[in-house]
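# Quick one: sequence and predicted model below, then my questions.
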Amino acid sequence: MVKGKIYDESGEEVKLKKSFKISKKLEPFYTGGDLKLSPDQNFLFCLCENLVKVVEISTGQAVQCFGNEEDAAITICGNNDVLFSAHRASLLIKQWKWKGNGEEEPLVRSFKAHPVPVTSMSMDSSSSLLGSGATDGVVRVWDIENNYCTHQFKGSKGVVTLLQFHPKKLHLFSSADDLLIKVWDLETSTLIHNLKGHVSPVTSLVFPNDTTMISGGRDKVLVTWDISSGALKETLPVFEVIEGMALCGGRVVTAGDKGVLRAWDKTSNKCVQQQNTPALKREFVNLVPYKTGVLAVTFDQNILVYNKDLEIEKNLIGYNDEIIDIKPAMEGHLALATNSEQIRIINSETLATTVLSGHTGTVLSIDTNPEHDLLASSSKDNTVIIWKCEDSCYRQVATCTGHTSAVSGVAWSHLPENIFLVSVSSDLTLKLWQPAKGNIQKLHKTKCVYTVKAHEKDINCVTVSPNDKFIITGSLDKTAKVWSADKGNLLGVLRGHKRGIWSARFSPVDQCVLTSSGDALIKLWRLSDYSCIRTYEGHSASVLNCQFTSLGRQVVSCCADGLIKLWDTQTSECVTTLDGHTDKCWALMATEDSIISGAADSLLCFWKDVTAEEEEEEIREEQVQCEQQQELRNLLFDGKLAAAFALSLALNMPYKCLGVAQKILELDDGSSQLRSLIENLQMDQIESLLEYLATWNTNSKHTIIAQNVLFALLSSSQSQSFASNSKLRVHWEALIPYTERHFERLTKLQQQATFLQYTWDRMKLSEV
């Protein structure tokens, strides 16, 4: 154990951390369902669980959030100023002013559009009309500016699944469970066409020109219609469930369950371009026209931005699901393992995200080697993949196969020479992988050097020591084991935890090891004799991850209840607790001045060390307080009691204020001075004074002063506003019991004094 001061490589003393605050977050903004684009094409309107979020496409960050958790939003639509959301529980359509300055109430109005839940909404191109379709098959049109219903159309059978206005004509198109496309004329309020051509639900409509419409559905066909006559012109089989269509560069782009974008010539109805088949199948669930390209939404809540040539330009991650692991990647980036087959590479500053695809099962663990720009990932597909960063982009260079079950942990060596990689698996084995002859240039020839049966139950973690001589593994068999890295010999077993071990780490400066377990304990072990030298108690649930920080002087840990704790390794005391997650916190990364955490709530938190700033702020506050206390003493010395009374209120010094009030009351005209002083108090000062009075009134020594101040307060002209102020109610209620008690005590004292005086007077008369 290192004791005393610690210095880093530059010779500067390592300061211990005491306080953190969240500097930024990567939050989920889309969890599936409806998604619309603003007319200026700069913002997305998304459903996130039960809420509605407005996302800026350039940054990928949510700028507004509306609704409440108890009333889920079903569908949305909006323009550049207002946003409409339909809700399930209340059956209301709510209108929000989403471009407000934050000071105004965002909810403009709400109205009950249908007696049943609204399932589809659409706005016309002029943003003056709003269409709504419900589960009872009824379609209604609303005048947005004047707030009334202009049309009601009946005839659809089942739930209205699609609603769309013609871009130029006053026509409204709707489709429901009856699989028909109905065309409603808003000028005559009549049904002009009943288009029958699909045998599965219709998912999207596009309008190549004023008289032509193309519809796509889950029956794997595109149907071209003549709107003026309602005639079916052509049916084109596409052999794919169509979930979205958009016009792009004079072509019709389709997206469906094959995860491939295809462009069709709207004249010849032939496929003229097809996106290169991705490495992994990603089913599309929506497609939205965006500037000169399209936005494609995948089933796992990725929003992909494509240009007109169907080349991906940007990837917006709507929902990360559970964040399982975090590691530093290339400069200024983080690598994330989530509940997905993909690895997310996130820019630490802009939070822009790219995706690495290669695994066919959920990625369980990742580790990086910054010296050689390497990244390793392990997965439920029983493999380990090695990635190499070249030109700010990772590419797959090797795949390590040999495990017979999910690979739960992976770790790189640290020294630049003789590089190697270790992995552990649910098959109970530990494997060491190394390029041919340890040559970094031969990564593609990485082979397994040895395999060891390490534990009796699933292995959760593996770590390599800073000098590359030792390996530690932690398992559900309640033990952690230390191995020699060169031959894989077992050197020692760490026993003491009562449940499975989730994390194990080597100290960066000492010959000791840190482990965390499902028994809610963190233990520090000496490597010389494998004995436990410290136990950190304080978590109330399984400790899922732990790391050393401050060059081994402190430990940071995260728990299944979402809390993060910072510990002093020498005293075993918890320095601070960070509360930023609402679910299991799996991922943790500690740097020199920050902590990065990820949890099952899909939230990535960046915690900044603010210890120095808070210490400076405390010093400044102490200086200001000393100056103000000196000023208070000067005012009392000069006899400026009114100013001293106001200053003691501002400094939150109740008993100093009591002393000033006593001095004022000792004056000949003290009561009148106190009354005039209270007349000039602001409402927040009166609230503080009432709180002081409640405290003074509990002590019989201060009762007289407290009651005099209370009398002056109730005699002031402001007393009429006291009854309507809800903040003062609690203080009035606190005053009543002790006031009644003091009144009873003084009444009894007065009775006794009167009886004593009467007895004394009678005694004097008898003497006479």
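Structure's in. What do you need?

# For G496, the count of nearby residues, please.
By other Cβ atoms under 10 Å, 17 other residues sit near G496. For every residue, glycine as well, the C-beta is placed using N, CA and C.

# Now do the contacts for it.
Taking Cβ atoms under 8 Å, 6 or more residues apart in numbering, we find G496 in contact with 523, 532.

# How about stretch 344-352, which residues are buried there?
Within stretch 344-352, the residues that count as buried by 16 or more other Cβ atoms under 10 Å are 344-346, 348, 351-352.

# contact partners of it?
Residues outside stretch 344-352 that contact it (Cβ under 8 Å, 6+ apart): 24, 26, 59-61, 314, 317, 320, 329-330, 332-336, 338, 353-356, 394, 604, 606.

# now, which of the residues you listed lie within strands?
24, 26, 61, 314, 317, 333-336, 338, 353-356, 394, 604, 606 (DSSP state E).

# Emit the PyMOL select command for whichever of those are buried.
Restricted to buried positions by 16+ other Cβ under 10 Å, the PyMOL selection for those reads:
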select buried, resi 26+61+314+317+333+334+335+336+338+353+354+355+356+394+604+606
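
# was I right about L635 contacting A644?
Yes: the pair L635 and A644 qualifies as a contact (Cβ atoms under 8 Å) at a distance of 4.0 Å.

# between the two, which one's more packed in?
Per other Cβ under 10 Å, whichever of L635 and A644 has more neighbours is A644, with 24 against 19.

# Which element is encountered next along the chain beyond the one helix or strand that one maps to?
Per DSSP states H and E, A644 falls inside helix 641-650. Next helix or strand after helix 641-650 toward the C-terminus (DSSP H and E): helix 654-665.

# quick one: average pLDDT of that next one?
Helix 654-665 shows a mean pLDDT of 83 in the predicted model.

# Now the element after the helix or strand where D367 lies, going C-ward?
If you go by DSSP H and E, D367 is part of strand 363-369. For strand 363-369, the following helix or strand on the C-terminal side (DSSP H and E) is strand 374-379.

# avg pLDDT for that next one?
On average, strand 374-379 scores 95.

# mean confidence score for the helix or strand following that strand?
Sequence-wise, the next helix or strand downstream of strand 374-379 (DSSP H and E) is strand 383-390. Mean pLDDT, computed over strand 383-390, is 92.

# Strand 383-390: partners in the sheet, and parallel or antiparallel?
With DSSP bridges as the test, strand 383-390 is paired with strand 374-379 (antiparallel), strand 393-401 (antiparallel).

# List the contacts of the last one.
Around strand 393-401, the neighbours that count as contacts under Cβ under 8 Å, 6+ apart are 329-330, 345, 354, 356, 358, 375, 382-388, 421, 423, 431, 433, 443-446, 448.

# Buried ones among those?
329-330, 345, 354, 356, 358, 375, 382-388, 421, 423, 431, 433, 443, 446, 448.

# quick revisit: how about a markdown table for the buried residues of stretch 344-352, with secondary structure, distance to S516 and pLDDT added?
Converted to a markdown table, the buried residues of stretch 344-352 look like this (DSSP: H, G, I helix; E, B strand; the rest coil; distance: Cβ to Cβ, whole Å; pLDDT from 0 to 100):
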| residue | secondary structure | distance to S516 | pLDDT |
| --- | --- | --- | --- |
| R344 | strand | 25 | 92 |
| I345 | strand | 27 | 92 |
| I346 | strand | 25 | 92 |
| S348 | coil | 26 | 88 |
| L351 | coil | 28 | 85 |
| A352 | coil | 32 | 83 |
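
# right, and the pair among those residues with maximum separation?
With Cβ to Cβ as the measure, no two of the buried residues of stretch 344-352 lie farther apart than R344 and S348, at 12.5 Å.

# Quick one: low-confidence residue ranges for the protein.
Residue ranges of the chain with pLDDT under 70: 1-14, 101-103, 277-281, 437-440, 765-768.

# where do the helices sit along it?
In the chain, the segments counted as helices under DSSP state H are 611-638, 641-650, 654-665, 670-679, 683-696, 703-715, 729-767.

# Just put the ones you listed in TSV and tack on distance to V252.
Formatted as TSV, the helices of the chain follow (distance: least, Cβ to Cβ, whole Å):
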stretch	distance to V252
helix 611-638	56
helix 641-650	70
helix 654-665	75
helix 670-679	77
helix 683-696	64
helix 703-715	76
helix 729-767	66
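
# Out of those helices, the one nearest L129 is which?
Of all the helices of the chain, it is helix 683-696 that lies closest to L129, at 48.1 Å by Cβ to Cβ.

# what about E627, neighbour count?
10.

# So it versus K447, what's the distance?
Per Cβ to Cβ, to the nearest Å, E627 is found 72 Å from K447.

# coming back round to it: from the buried residues of stretch 344-352, which is closest to D468?
I345 (26.2 Å).

# For S672, grab the count of nearby residues.
By the criterion of other Cβ under 10 Å, S672 has 11 neighbours.
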